[in-house]
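Engineer: Quick one, fold the following:
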Amino acid sequence: MSNVNGYAAVWRPGNGAQWWRSGMTVDEFKAQDLTYFHQGLRLTALAIENGRFAAVWRPGSGTQWWRSGMTVDEFKAQDLTYFNQGLRISPVKVSQHGLGDP
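Structural biologist: So this is what the prediction gives:
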């Protein structure tokens, strides 16, 4: 058993590229996501804790949108909008820390 420092993950069999970064500000995350998006990678996991972003990207294609800092009502409305556009939630993490403006 490893020392508990705030990181947890599950690894499953897979192939292809995988990149992850943590501790990013919202601006660093936006820039990194755009870079990876243009390289053909898509977000597969996203967490926000105390205003810092952690994310995992893997090969993918098509549309990808992300939003953070929403209230539950804003989240419901955004989910309905994206659902009607054919998009589905991939990962979601709810944190009492880091809610509001990231």
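Engineer: how about residue 52, what does it touch?
Structural biologist: 22, 23, 24, 25, 98 (CB atoms under 8 Å, 6 or more residues apart in numbering). (C-beta placed from N, C-alpha, C; glycine too.)
Engineer: export the strand or helix carrying the first one as PDB, just CAs?
Structural biologist: So that's residue 22. Assessed by DSSP states H and E, residue 22 sits inside strand 19-24. Extracted in PDB, the C-alpha atoms of strand 19-24 (Å, rounded to 0.1, in the frame of the first residue of the first chain):
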ATOM      1  CA  TRP A  19      -0.700  12.100 -21.300                       C
ATOM      2  CA  TRP A  20      -1.500  13.500 -17.900                       C
ATOM      3  CA  ARG A  21      -0.700  16.700 -16.000                       C
ATOM      4  CA  SER A  22      -1.700  18.000 -12.600                       C
ATOM      5  CA  GLY A  23      -1.300  21.200 -10.600                       C
ATOM      6  CA  MET A  24      -2.300  23.400 -13.600                       C
END
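Engineer: List the neighbouring strands of it plus their orientation.
Structural biologist: According to DSSP bridges, strand 19-24 has the following sheet partners: strand 52-59 (antiparallel).
Engineer: how about low-confidence regions in this protein?
Structural biologist: For the chain, residues meeting the criterion pLDDT under 70 lie at 1-5, 92-102.
Engineer: Could you report the distance from the residue minimising distance to the centre of the chain to residue 10?
Structural biologist: The chain has residue 46 as the residue nearest its centroid, 2.3 Å off, counting by CA atoms, centre = their mean. For residue 46, the distance to residue 10 equals 15 Å [CB to CB, to the nearest Å].
Engineer: do residue 87 as well
Structural biologist: For residue 87, the distance to residue 10 - CB to CB - is 24 Å.
Engineer: the more surrounded of the two?
Structural biologist: Taking other CB atoms under 10 Å, residue 87 and residue 10 do not tie; residue 87 has more neighbours (14 against 5).
Engineer: is it true that the more buried one lies in a strand?
Structural biologist: No: the assignment for residue 87 is coil, going by DSSP: H, G, I helix; E, B strand; the rest coil, so no strand is present there.
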